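Q: curious how this folds, go ahead:
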Amino acid sequence: MRPQRTITALTVVAALFAAGCSTRGDSSGRGDPETGEKAAARASAAPASGDFGDLKNVCGSGDPSGSPAQGVTAKEIHVGVMSDVGFTKNTEFADAAKAFTSWCNEAGGINGRKIVPTVRDTKMVEVRQRVNDACRADFVLAGGSAALDGLGVKDRLSCLLPDFPAQTVQHKNEGSELQLSMQAGGPSYFRYAGFYEWLIKKAYPDTADSVGIISGDSPVTRSSLDQRVDYFRSRGVKPAYTDLYPATGVTNWTPYAQAIKNEKVKGLIFMGDFSSLAKLEQELTAMNYKLDWIDANSNAYGPAFLKLAGPAVLAAQNNLADVSGIYPMEKSGSNPATQQVVDLFKKYAPDKQLTLPAVKAMSAWLLFAKSATSCGNDLTRKCVHDAAREETSWTGGGLQAPVNVSVQDSPVKCMNIEKATPDGWKPADFDADKGAYRCDIASYKLSDRYGKAGKLADVGKTLKDLK
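A: Modelled structure (predicted):
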């Protein structure tokens, strides 16, 4: 048996790096935007249209023929979905695959070809094995993610397998070649620079010299802590407090809360699972110590954290989360694309809860489908790859702030910040200037010590080998 210490450490890695992967709950943080007969009627009445948000004819009928690529027949397109579900028990990427492909296939598929998704369950540590399974059977990967995704990069590049991930995690995979990511930012840049710049220079300037950072203790997560320290030092700020908590878990958060109080921390960055954060905040609140702000990270963006923390904590502590330029789920009624995702989950995955990573997965599936549809009958990996690369302002039909897919290594351009309240998650007052987002935000380029994204040259190949 694998030692319990290793199992728990992997759980911490998953919580810290697969931003939002451990989020549980519905789309609002206090219940679905619509419930009962009204929502059911909306979902069941929806026509079999291939339009999504402001995207037209993403899916549709046709009369396909031939088998132009691996995983593509005259009737079907086989797509792999990476997931740690066997370890995390979190089905969000499988749920998104079911919702999207059911909708798309009902609308006619990709020019008449039905999409057949296969969940490639890594069980957390079997990333290479599942990538190799996909290499033998799938046309592409789409709408998935794995916490240790860097382990499979060389294998994926060796078999020339394009990837449309819901989110990337490790530096070696983020921005790697043959990757068509709708996720903002790239491996050379610190993704949260704009968020922290807003916190310490605009919203809470008095906290700049009183920032604390606490993270789970593992080799991978220490790197994430170091990136944050590097960022603050680049701004002339030395964090007042940094600490690591055991990856095996913490039974008593009082010493950590006392240390935060003793160091007079005003702004706290927490990197870990939201259940641990809730316990820490309960201790801080019991000590009557209220921070000016807490970066709860997007893992907490959902109803589970609100329930665990409780009304007293939510009223006392100012929990904020950068949700990566994804339109606020609790505001779905104001955004047709987000509402369409809510409706599709109600129709095709009615017993499942919509999460932030699932919304990202839907955007990734849309990027794949739109690109594949543009290829017509001659659906090849090269065609779908090249078509996706032409998307210079991708929004997933309105699900997110624009991302230039043609450049996989660039700073984040837009952000949006959520605030946890006793009444649910709500957009924070972060001076949005482009709809739901604040754009042209600050950036910070990381040093080379954090590694580089995988290249085709690493496996002796070039883009000319892609067929």
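Q: after the stretch of helix or strand residue 103 belongs to comes which helix or strand?
A: Assigned by DSSP states H and E, residue 103 belongs to helix 92-106. For helix 92-106, the succeeding helix or strand toward the C-terminus, using DSSP H and E, is strand 114-121.
Q: quick one: that following strand to helix 92-106, angle?
A: 170 degrees (axes from the mean of the first three to the mean of the last three CA atoms, to 10 degrees).
Q: mean confidence for the helix or strand just after strand 114-121?
A: Once strand 114-121 ends, the next helix or strand along the chain (criterion: DSSP H and E) is helix 127-137. What helix 127-137 shows for mean pLDDT is 98.
Q: list of residues touching helix 127-137?
A: 70-71, 78, 80, 82, 118, 120-122, 141, 146, 148-149, 151-152, 155-156, 158-159, 161 (CB atoms under 8 Å, 6 or more residues apart in numbering). In this view, the C-beta of every residue, glycine as well, is placed from N, C-alpha and C.
Q: cool, and stretch 257-267?
A: 199-200, 204, 206-207, 210-212, 214, 240-241, 243, 268, 280, 283-284, 287, 289, 291-295.
Q: could you redo the last one with a cut-off of 10 Å?
A: By CB atoms under 10 Å, 6 or more residues apart in numbering, the residues outside stretch 257-267 that reach it are 196, 199-200, 203-204, 206-214, 239-243, 253, 268, 279-295, 318, 320.
Q: how about the helix holding residue 103: buried residues?
A: Neighbour-count burial for helix 92-106 flags 92-106 (criterion: 16 or more other CB atoms under 10 Å).
Q: again, but for stretch 199-219
A: 199-200, 203-204, 207-218.
Q: same check on stretch 309-325?
A: In terms of neighbour count (16+ other CB under 10 Å), stretch 309-325 has its buried residues at 309, 313-314, 316-325.
Q: among those, which two are most distant?
A: Greatest spatial distance in those: 316 and 325, 28.8 Å, computed using CB to CB.
Q: residue 295 and residue 286, how far apart?
A: In this view, residue 295 and residue 286 are 21 Å apart by CB to CB, to the nearest Å.
Q: those two: which is more packed in?
A: residue 295 (24 against 13; other CB atoms under 10 Å).
Q: what residues are up against the more buried one?
A: Neighbouring residues of residue 295 by CB under 10 Å, 6+ apart: 192, 195-196, 199, 211, 213, 228, 267-271, 277, 319-322, 417.
Q: can you rerun that using 8 Å?
A: Contacts of residue 295 by CB under 8 Å, 6+ apart are 192, 195-196, 199, 267-270, 320-322.
Q: phi, psi for it please.
A: Main-chain torsions, residue 295, degrees, to the nearest 10: phi -80, psi 100.
Q: show me how this structure divides into domains.
A: Segmentation of the chain into domains, based on automatic domain parsing, reads 4-188+332-404+452-465, 193-327+412-450.
Q: which of the ones you listed sits most buried?
A: domain 4-188+332-404+452-465 (a mean of 21; mean count of other CB atoms under 10 Å).
Q: who are the packing partners of the lengthiest helix in the chain?
A: In the chain, assigned by DSSP state H, the helix with the most residues is helix 356-374. Helices and strands touching helix 356-374, by 3 or more CB pairs under 8 Å, 6 or more residues apart in numbering; DSSP states H and E, are helix 92-106, strand 140-142, strand 163-164, helix 336-348, helix 381-389.
Q: any chance of a markdown table for these, columns distance to residue 303 and mean pLDDT?
A: Putting the helices and strands packed on helix 356-374 into a markdown table (distance: least, CB to CB, whole Å; pLDDT from 0 to 100) gives the following:
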| stretch | distance to residue 303 | mean pLDDT |
| --- | --- | --- |
| helix 92-106 | 14 | 98 |
| strand 140-142 | 28 | 99 |
| strand 163-164 | 28 | 98 |
| helix 336-348 | 15 | 98 |
| helix 381-389 | 33 | 98 |
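Q: JSON lines for those, including distance to residue 412?
A: Formatted as JSON lines, the helices and strands packed on helix 356-374 follow (distance: least, CB to CB, whole Å):
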{"stretch": "helix 92-106", "distance to residue 412": "23"}
{"stretch": "strand 140-142", "distance to residue 412": "22"}
{"stretch": "strand 163-164", "distance to residue 412": "19"}
{"stretch": "helix 336-348", "distance to residue 412": "20"}
{"stretch": "helix 381-389", "distance to residue 412": "19"}
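Q: what about the ones you listed, which gets the closest to residue 223?
A: strand 163-164 (22.2 Å).
Q: show me what that closest one is packed against.
A: Checking 3+ CB pairs under 8 Å, 6+ apart, strand 163-164 ends up next to strand 140-142, helix 356-374.
Q: from the chain's centroid, how far away is the shortest one?
A: Meaning strand 140-142. 16 Å (CA atoms, centre = their mean, to the nearest Å).
Q: just the longest one next, same as before
A: Offset of helix 356-374 from its chain centre (CA atoms, centre = their mean): 13 Å.
Q: how big is the angle separating it from helix 92-106?
A: 30 degrees.
Q: can you give me the strands for the stretch 151-300 of the chain?
A: Shown for the stretch 151-300 of the chain, the strands assigned by DSSP state E, counting those that start in this stretch span residues 163-164, 211-217, 241-246, 267-271, 293-295.
Q: reformat those as TSV; add distance to residue 454.
A: Below are these laid out as TSV (distance: least, CB to CB, whole Å):
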stretch	distance to residue 454
strand 163-164	11
strand 211-217	25
strand 241-246	28
strand 267-271	24
strand 293-295	29
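Q: end-to-end on stretch 266-279?
A: End-to-end distance of stretch 266-279 (CA to CA, to the nearest Å): 18 Å.
Q: quick one: the closest residue to residue 121 other than its chain neighbours from residue 72, how far?
A: Spatial nearest neighbour of residue 121, chain neighbours left out: residue 86 (4.4 Å); criterion: CB to CB, 6 or more residues apart in numbering. Between residue 86 and residue 72 the distance is 28 Å, computed by CB to CB.
Q: quick one on the thing from earlier: so which of the contacts of helix 127-137 belong to helices?
A: Members of the contacts of helix 127-137 lying in helices (criterion: DSSP H): 155-156, 158.
Q: list just the nearest of those residues to residue 51.
A: Among those, residue 156 lies closest to residue 51 (CB to CB), at 31.6 Å.
Q: which residues touch the closest one?
A: Going by CB under 8 Å, 6+ apart, the list of residues near residue 156 reads 131, 134-135, 141, 163, 176, 178.
Q: gap between it and residue 134?
A: Following CB to CB, the distance that separates residue 156 from residue 134 is 8 Å.
Q: list the residues that contact residue 268.
A: 211-214, 260, 291, 293-295.
Q: what's across from it in the sheet?
A: As for beta bridges, residue 268 partners with residue 212, residue 294 under DSSP bridges.
Q: for it, give me the pLDDT.
A: For residue 268, pLDDT reads 98.
Q: pick the one among the buried residues of helix 92-106 closest to residue 357.
A: Of the buried residues of helix 92-106, the one sitting nearest to residue 357 (CB to CB) turns out to be residue 92, at 5.4 Å.
Q: my read: that closest one touches residue 355, true?
A: Yes - if you go by CB atoms under 8 Å, residue 92 and residue 355 touch, sitting 4.9 Å apart.
Q: and residue 373, how far is that from residue 253?
A: Per CB to CB, residue 373 is found 51 Å from residue 253.
Q: let me fix that: residue 144
A: Per CB to CB, residue 144 is found 33 Å from residue 253.
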